[in-house]
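In: Next one to model:
(2 chains)
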Protein chains: 2
Amino acid sequence: MMAQKNTCPIGVFDSGLGGLTVARSIATALPHESVYYFGDTKRCPYGTRGENEVRSFALQAGRWLSCHNVKIIVIACNTATAAALRVCQQTLDVPVIGVIVPGARAAINSTRTREVGVLATNLTTRSGAYTRAIQDLDAGVDVYGCPASSFVEIVEQELATGAHLQERWLEDEDIFDTPEVRAVVRQVVTPLKGHNIDTVVLGCTHFPLLVGPIRHELGPGIRVVSSAEETTRELVDILQRREQLAPEDALPQHRFATTSDNLAEFAAAGSFIFGQPLKSIEHVSLEELV
Amino acid sequence: MMAQKNTCPIGVFDSGLGGLTVARSIATALPHESVYYFGDTKRCPYGTRGENEVRSFALQAGRWLSCHNVKIIVIACNTATAAALRVCQQTLDVPVIGVIVPGARAAINSTRTREVGVLATNLTTRSGAYTRAIQDLDAGVDVYGCPASSFVEIVEQELATGAHLQERWLEDEDIFDTPEVRAVVRQVVTPLKGHNIDTVVLGCTHFPLLVGPIRHELGPGIRVVSSAEETTRELVDILQRREQLAPEDALPQHRFATTSDNLAEFAAAGSFIFGQPLKSIEHVSLEELV
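Out: Modelled structure (predicted):
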């Protein structure tokens, strides 16, 4: 039996800030665990790049985290999961999980009508990764992909306001639930309304930030499943089964690394998404990545 | 939103008696749920038949259960899951789950060494179904299949003693944990010992009956994952998420159907495996199956 590595941090990476919704969900569900977050902000977004390039970037992020003594790595990005989960699992000497299968499984386990909608970026939707993951687990479920890249733009535009974010997350205000955002969401989710869908997956790590307007526009008859939260549930099951949870007297020490040259901007937007101040942020130059 | 079907039974089927380990696990974890069990004993075992034949038999069993108002169907047989899960999911108007993916997922979530053993019948081992299921979920885990059809023979021979079983399960005696059985198990599991395996899946629904000698021969450093128990965990998650659990004041009414012509034998061996007397057993002729 291998030595336990209970107090090592949980590695989380994303192309930028979106994966902080996953990190936040992990920190909330596992209050004794430390998160080591890597955001490849300088090369964000991955969604407009080719698959080989995303795979190579994801491997670099995974190698960087695995050199920093993490006990497990979570790819907190749907694009990177689709392109690089398998190769990261095969290559890295640390176990790796992604966000797609947990979201797919939760959708199957939730649906009664056996019709599921998936909100994701246009690229993830086109890739068919969710449809495959869902139908691999239950071939009797119909999947309706709904491209929603404009949701990412809404979030990024709002986050770019930077300076005001810190006051606003302290007020616990849902800055995204405005009439304008609801109108965009309403238009985007319209194609999901013509079916017998009772469950919708948020298949992009930015989208939990828009869960207010998304729930409102989908209406009360539709359950919303967040791949961020479901990945956290899977992580809890893994650490429990492997007896690798941090001890209950451990104080979490979250650390954040980014390729961004603007640490102030990363700190402001990151603290807003993570729901608490990012106390330890380090800059990683692209030259340090192998 | 569809009408809730809370009080409908959970359908479970197997080629014969082995699936009663799954039914028992369900009845224990969900004490308010009723199980409707179908055992195709007359055509047992499925393991020596062709894939097309198994698929056709499994569809007949699934159709029979879906005509008896079950809210979900569990294929409690690894051979039938491998051969017929997808077609059952695509064809039947009731949701269907199998035993392989829950066992595979539990093994991945349990292993630290990333080396997993799978004990299954020779046929299931040759089919590679577990290896595929495990590596689809984590491409970094090595899988060592270990053919163990002789375990089925041990169980069936012991169960064939029939008349004495009822007294013995009432005594809660582990009738399978004998020096002779331990010797057989020791020999079968030897190939698993040359690796760095820390987790072994019981990939046949007969095998939980041998968990005593299996644990003993594998030793304390190896976790044993039962596909029966893991399938029950998945079922609990599904019924909770779909809000389809029976109400807490419901009294379970388990029913058992079999194609066997010898209901007394089915009752004796079945009560032993199920852990309580089978109170309602009906005979189903092959002509009734469509």
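In: got the residues of the stretch 51-200 of chain A near chain B?
Out: With C-beta under 8 Å from any C-beta of the partner chain as the criterion, the stretch 51-200 of chain A meets chain B at residues A:85-87, A:89-90, A:92, A:95-97, A:101, A:106, A:109-114, A:136-141, A:198. For every residue, glycine as well, the C-beta is placed using N, CA and C.
In: Mind giving me the ChimeraX select for the residues you listed, buried ones only?
Out: A single ChimeraX command selects the buried members of these (16 or more other C-beta atoms under 10 Å in any protein chain shown):
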select /A:85,86,87,89,92,95,96,97,101,106,109,110,111,112,113,114,137,138,140,141,198
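In: Next step: the residues of the stretch 51-200 of chain A next to chain B restricted to strands.
Out: A:96-97 (DSSP state E).
In: Narrow the residues of the stretch 51-200 of chain A next to chain B to those in helices?
Out: A:85-87, A:89-90, A:101, A:106, A:109-110, A:136-137 (DSSP state H).
In: any weak-confidence spans in the stretch 51-200 of chain A?
Out: Residue ranges of the stretch 51-200 of chain A with pLDDT under 70: A:162-173.
In: For the ones in helices among the residues of the stretch 51-200 of chain A next to chain B, work out which two are farthest apart.
Out: By the measure C-beta to C-beta, A:90 and A:110 form the most distant pair in these, at 30.8 Å.
In: how about the helices in the stretch 51-200 of chain A?
Out: Along the stretch 51-200 of chain A, counting by DSSP state H, counting those that start in this stretch, helices occupy A:51-66, A:78-91, A:100-110, A:122-127, A:129-137, A:149-159, A:165-170, A:179-189.
In: Without its sequence neighbours, what residue ends up closest to residue A:286?
Out: Counting by C-beta to C-beta, 6 or more residues apart in numbering or on different chains, residue A:286 lies nearest to residue A:259, which is 6.0 Å off, once chain neighbours are set aside.
In: Count the residues that sit near the one you found.
Out: For residue A:259, the neighbour count with other C-beta atoms under 10 Å in any protein chain shown is 24.
In: which helices and strands does the helix or strand hosting residue A:225 pack with?
Out: For residue A:225, the host element (DSSP states H and E) is strand A:223-226. Counting contacts by 3 or more C-beta pairs under 8 Å, 6 or more residues apart in numbering or on different chains; DSSP states H and E, strand A:223-226 packs against helix A:100-110, strand A:199-202, helix A:211-218.
In: Describe which strands that strand pairs with in its sheet and in which direction.
Out: strand A:199-202 (parallel) (DSSP bridges).
In: could I get the strand it pairs with in CSV with only the CA atoms?
Out: Written as CSV, here are the backbone C-alpha positions of strand A:199-202 (Å, rounded to 0.1, in the frame of the first residue of the first chain):
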residue,chain,number,x,y,z
THR,A,199,-32.5,18.2,-17.3
VAL,A,200,-29.9,20.6,-18.6
VAL,A,201,-26.2,20.3,-18.1
LEU,A,202,-24.0,23.3,-17.7
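In: quick one on the thing from earlier: so which of the helices and strands packed on strand A:223-226 gets nearest residue B:231?
Out: So among those, helix A:100-110 is nearest, using C-beta to C-beta, at 12.7 Å.
In: how far off helix A:129-137 does the closest one point, in degrees?
Out: Counting by axes from the mean of the first three to the mean of the last three C-alpha atoms, to 10 degrees, helix A:100-110 lies at 60 degrees to helix A:129-137.
In: Now do helix A:100-110: everything it contacts.
Out: Applying C-beta atoms under 8 Å, 6 or more residues apart in numbering or on different chains, the contact partners of helix A:100-110 are A:78, A:81-82, A:85, A:116, A:118, A:129-130, A:133-134, A:136-138, A:141, A:198-199, A:201-203, A:223, A:225-227, A:230-231, A:233-234, B:137, B:234, B:237-238, B:241-242.
In: returning to what we had before: with distance to residue B:62 added, can I get the helices and strands packed on strand A:223-226 in TSV?
Out: Shown next, in TSV, are the helices and strands packed on strand A:223-226 (distance: least, C-beta to C-beta, whole Å):
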stretch	distance to residue B:62
helix A:100-110	18
strand A:199-202	23
helix A:211-218	33
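In: Dump the ones in helices among the residues of the stretch 51-200 of chain A next to chain B to JSON lines, plus distance to residue B:247.
Out: Shown next, in JSON lines, are these (distance: C-beta to C-beta, whole Å):
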{"residue": "A:85", "distance to residue B:247": "41"}
{"residue": "A:86", "distance to residue B:247": "44"}
{"residue": "A:87", "distance to residue B:247": "48"}
{"residue": "A:89", "distance to residue B:247": "42"}
{"residue": "A:90", "distance to residue B:247": "47"}
{"residue": "A:101", "distance to residue B:247": "32"}
{"residue": "A:106", "distance to residue B:247": "24"}
{"residue": "A:109", "distance to residue B:247": "20"}
{"residue": "A:110", "distance to residue B:247": "20"}
{"residue": "A:136", "distance to residue B:247": "34"}
{"residue": "A:137", "distance to residue B:247": "28"}
